[in-house]
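*Asks:* Give the three-dimensional model of this entry:
(one chain, ligands or ions: 2)
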Amino acid sequence: MTVISKDISKAIEILNNEDIVAIPTETVYGLAGNIYSEKAIRKIFQVKQRPLFNPLIVHIHSIEKIDEIVSELPEQAKRLAEAFWPGALTLVLKKNPNIPDLITAGKDTVAVRIPNHPETLSLLQKLSFPLAAPSANPFGSISPTNSTHVANYFSNTISMVLEGGACKNGIESTIIGFENNEAVLYRLGSISIEEIENVIGLLKVKNKQEIAPNAPGMLARHYAPKTRTYLVKNAEKFIKNYSNKKIGVLRCSNGTSSLNCMHLEELSKKMDLKEAASNLYAALHRLDNLNLDMIVAELFPNTGLGKSINDRLERATRNE
Ligand code: TXA
Ligand code: MG
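*Replies:* Numbers count the residues shown, from 1 in each chain. Ligands and ions are numbered 1, 2, ... in the order given. Next up, the predicted model:
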């Protein structure tokens, strides 16, 4: 049985014992362990059923800790860290030799961020080691944005979820790496390309095939519901062809038009993409639990966080 609790000292005890705890962050819940404990890190991979070639993100509580993790901090990385930490930005940087290969999948780079969540920052401050934490979902399934999602996934395998409420951003961090002194986007996330470019100018965005080997968060099928899911331009039109099916629709909202559909998730009535992103995974979890014949998601405006939402929906809707 998994205990959902706010008891930080209990979480510390478990982590000091080389075991793992699910922790809240502003993006999604993570499955955390001591980066220096091989036992804890192996358990993270095993519980998630995650392939060992897929590296983990290191979480620290303050920029002063960065020297323990990385060997170089390029000027642009420094500016991004100053602008967005604590927050939903992960930087991929040259790693320090003391960072275990298990964390980085043998790469010479390491992903690092300072999460913006009071409980988790306070937990990190009280520990003598940083925490590695991938999203707290089985490999390939929908990411968790509240403690119940996590407990439902791992009731038999983890002993504690640190309760931190619903995740404010609701979509994973944006991942940026540096190649030949140039900032490169590895994963769209809860900080938009526009916000990043306001700080460092033009950001190189590789096409998906180029990114794939670097960030398996970019694997084609990822973030996926069990229910067959379609991504369409116009949900109302699409579902007319399936009048005999049990259908759930997920969309931003188009204000006035009502939809003849029993299970409708409208992520933001005022078309606010930040609000929509924060509701995305919880809505997918709800729809996926209804035993529907299909989920029909409608494309979001392709700007700002709409790009990140569309990216996740595209991955959720690859059906093979
Ligand atoms: O918002 C988030 O980033 C959440 C919370 C818990 O912090 N974490 C998260 O972790 O989404 P995960 O493991 O689900 O996704 C991390 C992604 C993976 O796609 C991984 O391949 C990529 O980061 N990554 C990690 N280290 C890397 C590296 N050295 N180079 C390139 N990509 C890396
Ligand atoms: Mg993940």
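*Asks:* Show me which residues of this protein are close to ligand 1?
*Replies:* Proximity of the chain to ligand 1 (CB under 6 Å from any ligand atom) is limited to residues 25, 27-28, 30, 54-57, 90, 92, 104, 107, 109-111, 115, 133-135, 172-173, 175, 186, 214-217. C-beta coordinates here come from the backbone N, C-alpha and C atoms, glycine included.
*Asks:* residue contacts, Pro115?
*Replies:* Contact criterion CB atoms under 8 Å, 6 or more residues apart in numbering gives 25-27, 30, 59, 86-87, 121 as the residues in contact with Pro115.
*Asks:* For the spatially most central residue of the chain, give me its contacts.
*Replies:* In the chain, the C-alpha closest to the average C-alpha coordinate belongs to Glu172, at a distance of 2.7 Å (CA atoms, centre = their mean). Residues counted as contacts of Glu172 (CB under 8 Å, 6+ apart) are 27-28, 88, 135, 143, 187, 189-190, 217.
*Asks:* worst-scoring helix or strand of this protein, pLDDT-wise?
*Replies:* Per-element confidence for the chain was summarised using mean pLDDT, DSSP states H and E. The lowest value among helices and strands belongs to helix 208-211, with a mean of 56.
*Asks:* Give me the neighbour count for Leu273.
*Replies:* Burial measure for Leu273: 20 neighbouring residues, criterion other CB atoms under 10 Å.
*Asks:* Identify the spatial nearest neighbour of it, chain neighbours not counted.
*Replies:* With CB to CB, 6 or more residues apart in numbering as the criterion, Leu273 has its nearest non-adjacent residue at 4.1 Å, and that residue is Leu305.
*Asks:* one step back: immediately after the least confident helix or strand of the chain, which helix or strand?
*Replies:* strand 229-232 (DSSP states H and E).
*Asks:* could you say what helices and strands that following strand packs with?
*Replies:* strand 294-298, helix 305-316 (3 or more CB pairs under 8 Å, 6 or more residues apart in numbering; DSSP states H and E).
*Asks:* Of the ones you listed, which is nearest Lys168?
*Replies:* Nearest to Lys168 among the helices and strands packed on strand 229-232 is helix 305-316; the distance by CB to CB comes to 12.9 Å.
*Asks:* quick check: angle from that closest one to strand 294-298?
*Replies:* Comparing the axes of helix 305-316 and strand 294-298 via axes from the mean of the first three to the mean of the last three CA atoms, to 10 degrees yields an angle of 150 degrees.
*Asks:* which residues are in contact with helix 305-316?
*Replies:* Defining contact as CB under 8 Å, 6+ apart, one finds that helix 305-316 is touched by 142, 171, 174, 188-190, 192-193, 219-225, 229, 231, 273-274, 276-277, 280, 284, 297, 299-300, 302.
*Asks:* and these, which are buried?
*Replies:* Neighbour-count burial (16 or more other CB atoms under 10 Å) is assigned, among the contacts of helix 305-316, to 142, 171, 174, 188-190, 192-193, 219, 222-225, 229, 231, 273, 276-277, 280, 284, 297, 299-300.
*Asks:* Poorly predicted segments of the chain, please.
*Replies:* Screening the chain residue by residue with the criterion pLDDT under 70, one finds the ranges 207-221, 254-261, 319-320.
*Asks:* ok, back up a step: only whichever of the residues of the chain next to ligand 1 are buried, select them in ChimeraX.
*Replies:* Isolation of the buried members of those (16+ other CB under 10 Å) is achieved in ChimeraX through the command below:
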select :25,27,28,30,55,56,57,90,92,104,107,109,110,111,115,133,134,135,172,173,175,186,214,215,216,217
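*Asks:* From the contacts of Glu172, which land in strands?
*Replies:* If you go by DSSP state E, those have Arg187 in strands.
*Asks:* for the lengthiest helix in the chain, the distance to its chain's centre please.
*Replies:* The residue-count maximum for a helix in the chain (DSSP state H) belongs to helix 273-288. Helix 273-288 has its C-alpha centroid displaced from the chain centroid by 13 Å (CA atoms, centre = their mean, to the nearest Å).
*Asks:* How is the protein partitioned into domains?
*Replies:* Domain assignment for the chain by automatic domain parsing gives 3-205, 229-316.
*Asks:* Does Val112 belong to a helix, a strand or coil?
*Replies:* Taking DSSP: H, G, I helix; E, B strand; the rest coil as the rule, one finds Val112 in the strand state.
*Asks:* which residues touch it?
*Replies:* Contacts were defined as CB under 8 Å, 6+ apart; by that measure Val112 touches 57-60, 66, 69-70, 90-93.
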